[in-house]
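K.L.:
fold the following and give me the result.
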Amino acid sequence: MLRRTKIVATLGPASSDQKVLEQMIRAGMDLVRMNFSHGTAQDHVTRAEAVRAAAKACGRTVGILADLQGPKIRVRKFKNDKIVLNNGDTFILDASLEGLGNQERVGLDYKELPNDVSVGTVLLLNDGMLEFHVTGVKGTQVFCKVVRGGVLSNNKGINRKGGGLTAPALTDKDKEDIKTASLIKADYLAVSFPRSGDDMRLARELMHAAGGKSLLMAKIERAEAIPALGDLIDASDAIMVARGDLSVEVGDAAVPGLQKRMITMARAKNRLVITATQMMESMITNPIPTRAEVSDVANAVLDGTDAVMLSAETAVGDYPVETIEAMARICLSAEREDQERPIDHRDAKHKFTRIDQSIAMSALFAASHFRVKAIVALTQSGSTPLWMSRISAGVPIFALTPLRDTLSKVTLFSGVHPIEFHSRSRGHLEEWHQIEETLLGLGLVEEGDMVVMTIGEAAGKAGHTNTMKIMRVGDHHKS
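P.N.:
Numbers count the residues shown, from 1 in each chain. This next block holds a predicted model:
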């Protein structure tokens with residue numbers, strides 16, 4: 001059974017060696033996430049080359065997601081690397097402190113914090129482990145009472161409960177990193193902490209100015225992003241349900257419902273979605289996942305996510321390959337439980353404005369009702385398989401294209417499998433024979449299988465898919 005849900009794995013010290021990358025690809029990794037919070041531009045170039053070499057060695061296409069760091073809203077460093085704060089302690093967050101912090105105060109990477117808070121503001125540090133209530137603001141100093149204490153160490157993050165920090169989504173570092181992402185030809189560019197569609201539109205302008213062609217992904221992790229969700233999705237090609245910071249800002253109990261809402265909205269708008277953060281966190285140090293993690297991954301699959309993502313598990317964990325194997329196993333099992341009914345369609349009432357979109361939907365109807373073995377989409381831009389992937393008919397979709405960019409982009413599309421295909425023919429019958437040979441050679445179909453094919457009369461041109469055919473593998477040999 002071909003897995004529909006894609007697996008994104010973050011690269012790091014545990015997963016930079018080409019042999020390990022090859023093992024990760026064979027275990028089921030579809031895309032790599034390159035975290036631009038760490039490493040130099042040259043590090044990213046080297047890693048991208050290693051990923052593509054490993055993919056080639058495995059005979060697979062693996063996409064690349066470049067993830068921008070975004071604003072650093074963090075405390076600075078301490079004299080002894082960390083302090084312990086008790087409930088009821090007073091503490092100062094000091095934007096003007098240049099030296100090392102101590103038991104009384106610490107400096108800030110984010111100099112605007114004193115302007116963004118007032119008496120009564122609740123600040124959550126280290127992913128919500130510590131809670132401070134602001135008791136006063138004097139110049140560059142934010143005076144706090146510790147309500148929930150604990151260990152506070154170097155460079156830990158700060159969130160404002162309910163949102164409201166004014167830090168721009170795109171920093172000077174991000175603007176430089178967009179150039180690096182364009183240089184390595186990243187397939188996806190993730191923008192951290194966007195507040196509105198305008199942040200995404202600016203990122204797109206900068207990316208195009210750098211000569212990049214990445215699809216843009218909005219990471220939904222600020223409280224302000226929730227009321228702006230429609231605009232953010234419209235301005236992006238994909239979203240990431242980034243449950244870490246989002247959970248701290250809106251409260252952990254709100255996140256499961258938001259996850260379902262975001263996935264539904266994204267799919268309805270023909271956008272892609274990744275579900276991320278702590279999916280298999282225990283596997284950083286353990287060879288098997290917890291039962292709760294298994295349920296979490298399975299539920300994201302049942303919610304309709306395109307992909308599930310691993311962070312520290314594959315970047316610094318002890319079991320990067322085993323984690324991917326476990327995730328692939330869980331996804332497949334959840335997909336078996338989610339065998340689709342024949343499509344009545346999210347709405348047969350939907351009005352199509354493009355011929356290629358109506359062909360994509362027609363192929364889904366046919367595939368669902370005929371119970372065909374596969375859908376074969378000859379594509380240039382990837383648009384036809386994208387539309388098909390928004391509604392699963394429980395049938396694998398093979399995206400055949402000669403374009404490397406398109407092959408890499410469809411690695412994130414739910415249920416879509418990239419196949420490099422260079423047509424040697426001029427007529428559709430001859431082309432179908434070549435497609436049959438390709439699919440039979442890869443062991444994806446057998447003689448006698450029914451297949452739905454979509455194709456354009458104007459071969460080689462994007463947006464020209466205008467034909468759907470239902471074919472039986474091997475039939476033309478008999479005629």
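
K.L.:
residues in contact with residue 233?
P.N.:
Counting by Cβ atoms under 8 Å, 6 or more residues apart in numbering, residue 233 makes contact with 218, 239, 265-266, 269, 271. C-beta: built from backbone N, CA, C; applies to glycine.

K.L.:
give me the ChimeraX select line for the residues you listed, limited to the buried ones.
P.N.:
Command for ChimeraX that selects the buried part of the contacts of residue 233, burial taken from 16 or more other Cβ atoms under 10 Å:
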select :218,239,265,266,271
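
K.L.:
least confident of the contacts of residue 233?
P.N.:
Within the contacts of residue 233, pLDDT reaches its minimum at residue 269, with 92.

K.L.:
would you mark the buried spots in stretch 9-29?
P.N.:
By 16+ other Cβ under 10 Å, the buried positions in stretch 9-29 come out as 9-12, 14-16, 20-25, 27-29.

K.L.:
what's that stretch in contact with?
P.N.:
Stretch 9-29 is contacted from outside by 3, 7-8, 31-35, 38, 47, 50-51, 53-55, 57-58, 60, 62, 309-318, 320-325, 327-328, using Cβ under 8 Å, 6+ apart.

K.L.:
hmm, back to that, out of the contacts of residue 233, the closest to residue 170 would be?
P.N.:
residue 218 (12.1 Å; Cβ to Cβ).

K.L.:
over to that closest one. Which of the three states is it?
P.N.:
Under DSSP: H, G, I helix; E, B strand; the rest coil, residue 218 falls in the strand class.

K.L.:
right, and it touches residue 239 too?
P.N.:
Yes. The criterion here is Cβ atoms under 8 Å, and residue 218 meets it with residue 239 at 5.0 Å.

K.L.:
shared neighbours, those two?
P.N.:
Common neighbours of residue 218 and residue 239 (Cβ under 8 Å, 6+ apart) are 232-233.

K.L.:
the most centrally placed residue in the chain: which element?
P.N.:
Centroid check for the chain by Cα atoms, centre = their mean gives residue 274 as the closest residue, at 3.8 Å. Following DSSP states H and E, one finds residue 274 within strand 272-276.

K.L.:
so which residues make contact with the helix or strand following that strand?
P.N.:
Following strand 272-276 in sequence order, the next helix or strand is helix 291-303 (DSSP H and E). Helix 291-303 has contacts (Cβ under 8 Å, 6+ apart) with 5, 256, 259-260, 263-264, 275, 279-283, 289, 308, 327, 330-331, 333-335, 337-338.

K.L.:
please apply the same query to stretch 116-129.
P.N.:
Identification of contacts with stretch 116-129 by Cβ under 8 Å, 6+ apart yields 75, 93, 130-137, 142, 144, 147-148, 150-153, 156-162, 164-166, 244-245, 247-249, 252.

K.L.:
these in helices, which ones?
P.N.:
Using DSSP state H, 244-245, 247-249 are the members of those that sit in helices.

K.L.:
my guess is residue 184 meets residue 63, correct?
P.N.:
No. Contact criterion Cβ under 8 Å: residue 184 and residue 63 do not qualify, at 12.0 Å.

K.L.:
who has more neighbours, these two?
P.N.:
Per other Cβ atoms under 10 Å, whichever of residue 184 and residue 63 has more neighbours is residue 63, with 26 against 21.

K.L.:
who's in contact with the more buried one?
P.N.:
By Cβ under 8 Å, 6+ apart, the contact set of residue 63 is 30-32, 187-188, 408-409, 411-412.

K.L.:
next step: those restricted to strands.
P.N.:
Judged by DSSP state E, strands contain the following of the contacts of residue 63: 31-32, 188.

K.L.:
adding pLDDT, neighbour count and distance to residue 199, write those out as JSON lines.
P.N.:
Formatted as JSON lines, the ones in strands among the contacts of residue 63 follow (pLDDT from 0 to 100; neighbours: other Cβ atoms under 10 Å; distance: Cβ to Cβ, whole Å):
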{"residue": "31", "pLDDT": "98", "neighbour count": "23", "distance to residue 199": "23"}
{"residue": "32", "pLDDT": "98", "neighbour count": "29", "distance to residue 199": "24"}
{"residue": "188", "pLDDT": "98", "neighbour count": "26", "distance to residue 199": "16"}
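
K.L.:
give me the number of residues near the nearest residue to residue 332 once chain neighbours are set aside?
P.N.:
The spatially closest residue to residue 332, leaving aside those adjacent along the chain, is residue 3, at 5.4 Å (Cβ to Cβ, 6 or more residues apart in numbering). For residue 3, the count of nearby residues is 19 (other Cβ under 10 Å).

K.L.:
how near is residue 61 to residue 210?
P.N.:
Residue 61 sits at a distance of 24 Å from residue 210 (criterion: Cβ to Cβ, to the nearest Å).

K.L.:
residue 3 in helix, strand or coil?
P.N.:
Applying three-state DSSP to residue 3 yields a three-state assignment of coil.

K.L.:
quick one, helices of the stretch 351-479 of the chain?
P.N.:
355-370, 383-389, 404-409, 428-441, 475-478 (DSSP state H, counting those that start in this stretch).

K.L.:
what helices or strands is the third one leaning on?
P.N.:
Contacting helix 404-409 under the criterion 3 or more Cβ pairs under 8 Å, 6 or more residues apart in numbering; DSSP states H and E are the following elements: strand 63-67, strand 397-401, strand 416-420.

K.L.:
from the chain's centroid, how far away is the last one?
P.N.:
Remark: strand 416-420 is offset 18 Å from the chain centroid, using Cα atoms, centre = their mean, to the nearest Å.

K.L.:
so what are the sheet partners of it and their directions?
P.N.:
Applying DSSP bridges to the sheet, strand 416-420 is found paired with strand 397-401 (parallel).

K.L.:
residue 225: how many residues sit nearby?
P.N.:
Counted with other Cβ under 10 Å, residue 225 comes out at 28.

K.L.:
that one and residue 245: what is the separation?
P.N.:
Per Cβ to Cβ, residue 225 is found 10 Å from residue 245.

K.L.:
hmm, back to that, comparing residue 61 and residue 210, which residue is more hemmed in?
P.N.:
Ranked by neighbour count (other Cβ under 10 Å), residue 61 and residue 210 place residue 61 first, with 24 against 16.

K.L.:
ok, the residue nearest to the centre of the chain - contacts?
P.N.:
Counting by Cβ under 8 Å, 6+ apart, residue 274 has contacts 8, 217, 238-241, 305-309, 412.

K.L.:
can you do 6 Å?
P.N.:
By Cβ atoms under 6 Å, 6 or more residues apart in numbering, the contact list for residue 274 reads 8, 240, 307, 309.

K.L.:
what do you get for residue 313?
P.N.:
Taking Cβ under 6 Å, 6+ apart, one finds 280, 283-284, 323 in contact with residue 313.
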